[in-house]
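Visitor: sequence and predicted structure, then a few things I'm wondering about:
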Amino acid sequence: MSKKKEKKEPQEAPVEELLEEQAAQEAGAEEPQTDPPGPEEEAPVQEQMVPREQFLRLAAEYDNYRKRTAKEKESLWTDAKADTVQAFLPVYDNLERALKQDTADEAYKKGVEMTMNQFKEVFAKLGVTEIDAQGKPFDPNLHNAVMHMEDESLGENVVAQVFQAGFMLGDKVIRFAMVQVAN
């Protein structure tokens, strides 16, 4: 028996079908025989079962390997995207600060607004969303509280002010929102 493996396309659920076939064959092999099998009759049956079991195990291992590598590939892609977005967040913050500054030059202000809108569109295409924090209940899984204030007009543990926007990629937090919490 050679150790070379042929490349084949993976089939849907081959392991389950093979296990069912093997169980059916084993059930049929349990019929009562008139003569007990001799040692020379038992050996070929066992020799046939060993390669079949090895094949079933190999098929199951391959199926598990394929699923695991697909999951790892998806995880790597998401992590790389999150790292790239995180590298651009200081640029986003600077554009946000530039928009808050008063300027007499309307063309300059319009250019910064257009750049910021384009930046937000790129984030949206990548699946990056800004964490909505203003006026929402404080959530330590999304917000980083850096200040506390007493304000009777706001409820208990409500975000009073957002100092730095937070972002998420799907369910993964890229950057926590830096906030001030009331009460």
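Guide: In hand now; what should we look at?

Visitor: okay, residue 15: pLDDT?
Guide: Note for residue 15: predicted pLDDT of 60.

Visitor: residues contacting stretch 125-133, please?
Guide: 81, 85, 123, 142-143, 159, 162, 165-170, 173-174, 176-177, 179 (CB atoms under 8 Å, 6 or more residues apart in numbering). Placement of C-beta: from N, CA and C, glycine included.

Visitor: show me which residues of it are buried.
Guide: 128, 130, 131, 133 (16 or more other CB atoms under 10 Å).

Visitor: mind putting these into TSV with pLDDT?
Guide: Rendered in TSV, the data for those read as follows (pLDDT from 0 to 100):
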residue	pLDDT
128	96
130	96
131	96
133	94
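
Visitor: going by distance to residue 154, which of the residues you listed wins?
Guide: residue 133 (13.2 Å; CB to CB).

Visitor: SS state for that closest one?
Guide: Classification of residue 133 by DSSP: H, G, I helix; E, B strand; the rest coil places it in coil.

Visitor: now stretch 176-183: average pLDDT?
Guide: 94.

Visitor: now that stretch, how far from the centre of its chain.
Guide: 28 Å (CA atoms, centre = their mean, to the nearest Å).

Visitor: what does stretch 87-107 give?
Guide: 32 Å.

Visitor: what does stretch 70-82 give?
Guide: With CA atoms, centre = their mean, you get 7 Å for stretch 70-82.

Visitor: if we can go back for a sec, next, format the buried residues of stretch 125-133 as a markdown table and append distance to residue 102.
Guide: As requested, the buried residues of stretch 125-133 are exported to a markdown table (distance: CB to CB, whole Å):
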| residue | distance to residue 102 |
| --- | --- |
| 128 | 29 |
| 130 | 24 |
| 131 | 27 |
| 133 | 25 |
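
Visitor: where is the longest helix in the chain?
Guide: For the chain, the helix that runs over the most residues, judged by DSSP state H, is helix 39-100.

Visitor: how about residue 88: what's its closest non-neighbour residue?
Guide: residue 119 (7.8 Å; CB to CB, 6 or more residues apart in numbering).

Visitor: same question but for residue 158, I mixed them up
Guide: residue 182 (5.1 Å).

Visitor: what's the one you found sitting at in phi/psi?
Guide: phi -100, psi 140 (degrees, to the nearest 10).

Visitor: part of a helix, is the residue nearest to residue 88?
Guide: Yes - Residue 119: assigned to a helix according to three-state DSSP.
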